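Visitor: Structure of the sequence below:
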Amino acid sequence: MTPEEAQDGLEALRNEIDRLDLLILDLFSQRAEAAGKIGDIKKQMTMPIYEPKREEQVFRNVVEHNGGPLSEGAVRRLFERIIDEMRMLQRERNKEKQP
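Guide: Numbering: from 1, shown residues only. You can find the predicted model right below:
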């Protein structure tokens, strides 16, 4: 492989990552919308935002469907962070809707 071919390959892969990042961002936004609606229901029903049993279900689901190359631990850590951000969103939305 020549340096030019390597550079072209890197550029193509980086463009693919940029495209995928925008898809992931769109999916995060869709997930946040759903989580926000869940938070609205929880507030209305005076339910806690933090539900450890539900979070374990999410972790189990994504780990079971993980085909790699990310390890089980990596997938779990990523989803821990995603869930943490969704909880924060629910808390923020609940504060905004208080009289």
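Visitor: quick one: contacts of the one helix or strand Arg87 maps to?
Guide: Under the criterion of DSSP states H and E, Arg87 resides in helix 72-96. Counting by Cβ atoms under 8 Å, 6 or more residues apart in numbering, helix 72-96 makes contact with 28, 31-32, 35-36, 38-40, 42-43, 49-50, 55, 58-59, 62-63, 66, 70, all of which sit outside it. For glycine as for every other residue, the C-beta is placed from the backbone atoms N, C-alpha and C.
Visitor: Are any of these buried, and if so which?
Guide: 32, 35, 38-39, 42-43, 49, 55, 58-59, 62 (16 or more other Cβ atoms under 10 Å).
Visitor: which strands and helices sit next to the helix or strand harbouring Leu20?
Guide: Element membership for Leu20 (DSSP H and E) is helix 3-44. If contacts are counted by 3 or more Cβ pairs under 8 Å, 6 or more residues apart in numbering; DSSP states H and E, helix 3-44 sits against helix 72-96.
Visitor: buried stuff in the helix it packs on?
Guide: In terms of neighbour count (16+ other Cβ under 10 Å), helix 72-96 has its buried residues at 75-76, 79, 82-83, 86-87, 89-90, 93.
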